[in-house]
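S.K.: Sequence isn't available, so here's the structure alone:
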């Protein structure tokens, strides 16, 4: 997974530790395997950055290939697609249709439906950014004024690590690759 890079780099991608939105889904439709959720806001994030959500310059292009990944993993198949995208009141809201043909995507959908996973992260490429400063001219982050949405991702940033531990230990996660990844890369570091 790439870390956030300088705005001048055309390959900039958001770091899920910075961009994840730990909001409860706005709507879940089990029969459609869809989750409607806030995937980004215009509020200052953990890195001190701010997105101009109306600055997305490729909305139509993105919706022609509306990829939703797992944790920005471009080496894995998409877990779903975006079927609706809107900006309203300082929030980017997306409806994600999870794949029903893979166990991995089904497990992710179930974790969202149960409220165990809540995080989302956008992967973007910057076109125009200006530095943000505090009152003493110290740079605190970037204001991303115009940008391209490349993808967004379901990400494992739980508010309660124990809730995810319970999901894994109770066998709620069926896909062995997802289960292994959650235990090795997410849960183990939390308990070291």
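M.R.: Here it is on my side, so go on. Not measured: the values here are computed from a predicted model.

S.K.: for the record, mean pLDDT for stretch 102-111?
M.R.: What stretch 102-111 shows for mean pLDDT is 94.

S.K.: for stretch 136-144, same thing?
M.R.: Average pLDDT, stretch 136-144: 79.

S.K.: what sits up against it?
M.R.: Applying CB atoms under 8 Å, 6 or more residues apart in numbering, the contact partners of stretch 136-144 are 7, 44-45, 47-52, 55, 124, 126, 128-134. Glycine gets a C-beta too; all of them are placed from N, C-alpha and C.

S.K.: Any chance of a ChimeraX selection covering the buried ones in those residues?
M.R.: ChimeraX command restricting the contacts of stretch 136-144 to the buried ones, with burial defined by 16 or more other CB atoms under 10 Å:
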select :7,45,48,49,50,51,55,124,126,129
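
S.K.: Next step: the contacts of stretch 136-144 restricted to strands.
M.R.: 50, 51, 124, 126, 128, 129, 130, 131, 132, 133 (DSSP state E).

S.K.: Is the fourth one in contact with residue 57, as I believe?
M.R.: No - distance between residue 126 and residue 57: 10.5 Å, which falls outside the contact criterion (CB atoms under 8 Å).

S.K.: quick one: common contacting residues for these two?
M.R.: Common neighbours of residue 126 and residue 57, using CB under 8 Å, 6+ apart, are 146, 147.

S.K.: circling back: which two in the ones in strands among the contacts of stretch 136-144 are spaced the farthest apart?
M.R.: Greatest spatial distance among these (CB to CB): 124 and 133, at 22.2 Å.

S.K.: count of neighbours near residue 31?
M.R.: When neighbours are counted by other CB atoms under 10 Å, residue 31 registers 5.

S.K.: Name the residues of the helix ranked longest in the chain that are buried.
M.R.: Secondary structure of the chain per DSSP state H: the longest helix is helix 103-113. Residues of helix 103-113 classed as buried: 104, 105, 106, 107, 108, 109, 110, 111, 112, 113 (neighbour count, 16+ other CB under 10 Å).
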